[in-house]
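# Need the 3D shape of this:
(chains A and B, ligands or ions: 2)
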Amino acid sequence: MSQEVNLHEHAGAMTTHEVHHDEHHGHHHKETFITKYVFSQDHKMIAKQFLITGIVWAIIGGLFSVLFRLQLGFPNETFPWLENILGKWAAGGKIHPEFYYALTTMHGTVLVFFVLTAGLSGTFSNFLIPLQVGARDMASPFMNMLSYWFFFVASIVMISSLFVQTGPASGGWTVYPPLSALGDASEGSKIGMDLWLIAMALFVVNSLLGSLNYISTILNMRTKGMSMTRMPLTIWALFFTAVLGVLSFPVLLSGFILLLFDRHAGTSFYLSDIFLASTQKALPNEGGSAILYQHLFWFLGHPEVYIIILPTMGLVSDVMSANARKPIFGYMAMVGSMFAIAVLAFLVWAHHMFVTGLNPFLGAFFVLLTLLIAVPSAIKVFNWITTLWRGNLRFTPGMLFSIGFVSLFISGGLTGIFLGNSTLDIHLHDTYFVIAHFHIVMGVSAFFGMFAGLYHWFPKMYGRYMNNTMAYIHFWITLVGAYLIFWPMHYQGLAGVPRRYLDFSGWTSFNQFDGLNRFISIVTMMVFAVQLLFVFNFFYSIFKGRKVRTQNPWGATTLEWTTPINPGHGNWEGEIPEVHRWAYDYGKDGRDFIPQTEPISASESPESKH
Amino acid sequence: MGVEAMEQRKRIHPNKFTMWVAIASITMMFAGLTSAYIVKRSQPSWTSFEMPVIFWYSTGVMLLSSLAIHFSLRAFRERNRVKYRQLITLTAILGLVFVVLQWIGFKQIWATGIQFSGAGGGQFLYIIAGLHGLHVIGGVIALIILFFKAYSTRFRNYNPVPVEVMSTYWHFVDLLWIYLMVFFMLLQ
Ligand code: HEM
Ligand SMILES: [Cu+2]
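Numbering: from 1, shown residues only, chains lettered A, B, ... in the order given. Ligands and ions are numbered 1, 2, ... in the order given. As a prediction, the model looks like this:
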């Protein structure tokens, strides 16, 4: 087994690398810079590649929101410096309306897909699955590498769409036709839309290659003794996530293929009876159905929101249990509720379409199924809170973000129940209420779960710790800021303020929100700045963070902490350890924790019924 | 730097398993497209189309190719390398013939005026059958790679897994086509 024990000081594939050869020198096999950092097949390196690409995307996507909040908060002011950086898109220091739509569209696309899907699952599935189930690598390391490179190329195509003359796609992250199907309909529906579709098709391939690997690794490559019910919840969560991806992304792809044909081959899948104002022409297309696209889109779109949140549910469960020094409460209930969520995720997509003319009779079924999701969600929340109850809490940054996650998930989940009622949704649909709902329950929650995971597993990734002071500042400002930004949006939404509008100043009844909008925009900038502090902390700590000196710094039970501090390709130096118990023996028989690798001793109290 | 797969406990070989999951995924894509077809059928100005006769021949070719890969796998297991090579070559050729026949079929229906414009089922046919054809072409490429591996003198490899995975995939694209044929026939 080749062991390179200097894996810890590098910054992934795309930045410059500075490899310190300190500490132990393993016997080096011939590995070039290229095979080690660029076309690596080591799951840990691929995880870092996903992570760092994801961080770059998160900065870009976050910046987009700062720009459009500038417009929303200060609609009457001009910012000449904007013209300097954005050119014609901000002529005269005001964001051009076309560009405003491009910004919101790309913000949604980038954060939903490139950051919270690829950045999140790509990082943690790759990093944790082999380490926590006890495997040397993924089922197919080569496919795994391909998966990253498809993501990389998708990223390049998506980025390049920002630089074309007519700008990137601008019809919203859902790219509904007919707007997205007709190049003449708007600037963003021209070449930018094609690039968007190509990038997303590549993205789907990345996601499928990755998910196939995650599933078959989890099911087939577990070490001796690691039965399914001994797996940490993170692994369960990543498993359900991958299943959702494998079954829903292909449907999205078929929707995109039909859209491409409508754009370029003159078919009428989604188009019917259209008169285009921009060209003063009636189009020949007949018999198409725009609703058909929405069905295909939301058949992925809804599972997609769970593809985003499930991994963080897993991460949070493990971080929380380890830092409460208590077993997770209701392990089997946690698995069962994730299973229920995964099944229901395929049966509720039409709740995004209540007001599209969907048959109200059909709508009633979707109301019922949608509200059913509240049950497994509530079970999970109950179990997290019970895990915290009377725990021996260690408020590490990872723990704080986990607790923050639960708070946000409750707040955002409750508003889902409002939206899930089709009658209430007539009023709330396409208002800021929806924006508030999904940013809290998905956007911010998932980021909190991801931060929890990053702070917790950073020592395993890089052999160093992140700086705690910066982490605490990051946590508190982000938590308070997120609530300050999104809580007021519920009131705006209840008052009927529509989403995706550039300027409300001509709308007298909404003038009351001018001050509030300015406030939200200012907080947005502050929160964005604090995320940059996190990015700084991350990169600084890779090179200069305090070194990890013990194998198991958090006193955790799971297998990844039985590997060397800086594991080489292959993860364990000798044999892969055997597993004898579940992952949650904290505070058992008077012992702080018992690792999964320790055999059950005769005197031990019986394994808790989980 | 290999994964020490032998250390792992496993019931079914991970690569085979991966293929099954991939098959589920491809199935979802065609399920999406055929449900779109059903939804669209109830829209105004729907027109149906006649399946060209040549598709029956391509179906026959596809079935024969499934038979060929079945026997090539058997030959491989019996370590009859000559027969194995002949049979996978035959499979690949039949795959190509299938694609050519489909192409001719497309041209025939295109000539009858069923084209992309309009709102009929024909536009679905081109896309759905076309995507299926792409999956066959992908299979042919994989067969060609297998073929050259079988000629490589450096390795004498008796590991049946790649051939088994290949044959699973091939039977799947065969079945998929039969499903599509039946679907189009029933829902014209
Ligand atoms: C109790 C659970 C939930 C219910 C009942 C629920 C219900 C709904 C409904 C009915 C809508 C459509 C609103 C409209 O457009 O008018 C919606 C939007 C949305 N929900 Fe939820 N939701 C729940 C939890 C979640 C979770 C856990 C996530 C993500 C992790 C999520 C993400 C989203 C997103 C992204 C949208 C908006 C998409 C868009 O229009 O751009 N929801 N939710
Ligand atoms: Cu939904």
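# Looking at residue B:119 now. What's its pLDDT?
pLDDT, residue B:119: 73.
# Can you report how many residues neighbour it?
22 (other C-beta atoms under 10 Å in any protein chain shown). C-beta here means a position set from N, CA and C on the backbone, and glycine is covered the same way.
# and the helix or strand encompassing residue A:321, what other elements does it pack with?
Using DSSP states H and E, residue A:321 maps to helix A:290-324. Judged by 3 or more C-beta pairs under 8 Å, 6 or more residues apart in numbering or on different chains; DSSP states H and E, the packing partners of helix A:290-324 are helix A:120-133, helix A:233-264, helix A:331-344, helix A:374-388, helix A:397-419, helix A:445-462, strand A:586-588, helix B:14-41.
# Need the winner for burial among the ones you listed.
The highest average neighbour count among the helices and strands packed on helix A:290-324, using mean count of other C-beta atoms under 10 Å in any protein chain shown, belongs to helix A:120-133 at a mean of 27.
# tell me what that one is packed against?
Using 3+ C-beta pairs under 8 Å, 6+ apart: helix A:120-133 touches helix A:43-73, helix A:141-160, helix A:191-220, helix A:233-264, helix A:290-324, helix A:445-462.
# how about a cut-off of 6 Å?
On a contact count with 3 or more C-beta pairs under 6 Å, 6 or more residues apart in numbering or on different chains; DSSP states H and E, helix A:120-133 meets helix A:43-73, helix A:191-220, helix A:233-264, helix A:290-324.
# Quick one: closest of the ones you listed to residue A:557.
Nearest to residue A:557, of all those, is helix A:290-324, at 7.6 Å by C-beta to C-beta.
# In contact with the residue in chain A that ligand 1 sits nearest to, which residues are there?
As assessed by C-beta to the nearest ligand atom, ligand 1 sits closest to residue A:416 within chain A, at 2.5 Å. Residue A:416 is in contact with residue A:437, counting by C-beta atoms under 6 Å, 6 or more residues apart in numbering or on different chains.
# Look up how far residue A:371 lies from it.
Between residue A:416 and residue A:371 the computed distance is 9 Å (C-beta to C-beta, to the nearest Å).
# and what of residue A:187?
In this view, residue A:187 and residue A:371 are 40 Å apart by C-beta to C-beta.
# Please say which of these two ends up with more neighbours.
A direct count of neighbours by other C-beta under 10 Å for residue A:187 and residue A:371 places residue A:187 higher, at 22 against 15.
# Distance from the chain centre to stretch A:510-521, please.
29 Å (C-alpha atoms, centre = their mean, to the nearest Å).
# Give me the average confidence score over that stretch.
Stretch A:510-521 carries an average pLDDT of 94.
# what residues does that stretch touch?
Residues from elsewhere that reach stretch A:510-521 (C-beta under 6 Å, 6+ apart): A:69, A:72-73, A:485, A:488, A:492, A:497, A:504.
# redo that, cut-off 10 Å
A:65-66, A:68-76, A:432, A:484-489, A:491-492, A:495-498, A:501, A:504-505, A:507 (C-beta atoms under 10 Å, 6 or more residues apart in numbering or on different chains).
# Can you give me the buried ones in it?
A:510, A:513, A:516-517, A:520-521 (16 or more other C-beta atoms under 10 Å in any protein chain shown).
# Report the buried members of the contacts of stretch A:510-521.
Buried among these by 16+ other C-beta under 10 Å: A:65-66, A:68-75, A:432, A:484-486, A:488-489, A:492, A:497, A:504.
# Check the residues you listed one by one and keep those near ligand 1.
Filtering the buried ones among the contacts of stretch A:510-521 for proximity to ligand 1 by C-beta under 6 Å from any ligand atom leaves nothing.
# Keep only the residues you listed that also lie close to chain B.
Counting by C-beta under 10 Å from any C-beta of the partner chain, nothing from the buried ones among the contacts of stretch A:510-521 sits close to chain B.
# Can you name the residue of chain B nearest to ligand 1?
For chain B, C-beta to the nearest ligand atom, closest residue to ligand 1: residue B:32, 19.7 Å.
# since we're on residue B:110, how many residues are nearby?
Neighbours around residue B:110, by other C-beta under 10 Å: 13.
# For it, give me its contacts.
B:116, B:122, B:126.
# Same check on residue A:606?
Residue A:606 sits next to residue A:600 when contact means C-beta under 10 Å, 6+ apart.
# Quick check: it vs residue A:89, distance?
When distance is defined by C-beta to C-beta, residue A:606 is 66 Å away from residue A:89.
# What of residue A:49?
31 Å.
# swap in residue A:304?
29 Å.
# And these two? Which one has more around it.
With other C-beta under 10 Å as the criterion, residue A:304 and residue A:89 differ in neighbour count, and residue A:304 comes out ahead with 25 against 19.
# The more buried one is in contact with residue A:117, isn't it?
Yes - counting by C-beta atoms under 10 Å, residue A:117 is a contact partner of residue A:304 at 7.1 Å.
# Contacts only, for residue B:75.
Contacts for residue B:75 (C-beta under 10 Å, 6+ apart) come out as B:81-88, B:163.
# Revised request: answer the last question for residue A:236.
A:218, A:228-229, A:310, A:313-314, A:317, A:331, A:334-335, A:338-339.
# can I get those residues in CSV with pLDDT?
Converted to CSV, those look like this (pLDDT from 0 to 100):
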residue, pLDDT
A:218, 94
A:228, 93
A:229, 93
A:310, 97
A:313, 97
A:314, 97
A:317, 97
A:331, 96
A:334, 97
A:335, 97
A:338, 97
A:339, 97
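# Looking at the residues you listed, spot the one nearest residue A:575.
Distances from residue A:575 to these, taken by C-beta to C-beta, are shortest for residue A:218, at 20.7 Å.
# Which strands and helices lie in contact with the helix or strand bottoming out on mean pLDDT in chain A?
Lowest mean confidence among the helices and strands of chain A (mean pLDDT, DSSP states H and E): helix A:33, at a mean of 74. Counting contacts by 3 or more C-beta pairs under 10 Å, 6 or more residues apart in numbering or on different chains; DSSP states H and E, helix A:33 packs against no other helix or strand.
# Backbone torsions only: list them for the closest residue to chain B within the stretch 251-400 of chain A.
Chain B sits closest to residue A:287 of the stretch 251-400 of chain A, with a gap of 2.8 Å, by C-beta to the nearest C-beta. Backbone torsions of residue A:287, given as degrees, to the nearest 10, read phi 80, psi 0.
# Please apply the same query to residue B:160.
Dihedral angles (degrees, to the nearest 10) for residue B:160: phi -80, psi -10.
# How about residue B:44?
The phi/psi pair for residue B:44 (degrees, to the nearest 10) is phi -60, psi 160.
# So what's the residue count around the residue lying closest to it once chain neighbours are set aside?
Closest residue to residue B:44 apart from its sequence neighbours, by C-beta to C-beta, 6 or more residues apart in numbering or on different chains: residue A:287 at 5.4 Å. Residue A:287: 18 surrounding residues under other C-beta under 10 Å.
# now swap in residue A:38 and tell me
Neighbours of residue A:38 (other C-beta under 10 Å): 15.
# Tell me who's in contact with residue A:448.
When contacts are counted by C-beta under 10 Å, 6+ apart, residue A:448 touches A:312, A:315-316, A:400-409, A:475, A:478-479, A:482.
# can we see that at 6 Å?
Going by C-beta under 6 Å, 6+ apart, residue A:448 touches A:401, A:404-405.
# Residue A:537: which of these is nearest?
Set against residue A:537, the nearest of the contacts of residue A:448 by C-beta to C-beta is residue A:401 (13.3 Å).
# Mind pulling the model confidence for the closest one?
We have a pLDDT of 98 for residue A:401.
# likewise residue B:157?
68.
# again, but for residue A:220
Each residue has a pLDDT score; the one for residue A:220 is 89.
# okay, now it: neighbour count?
Neighbour tally, residue A:220, other C-beta under 10 Å: 22.
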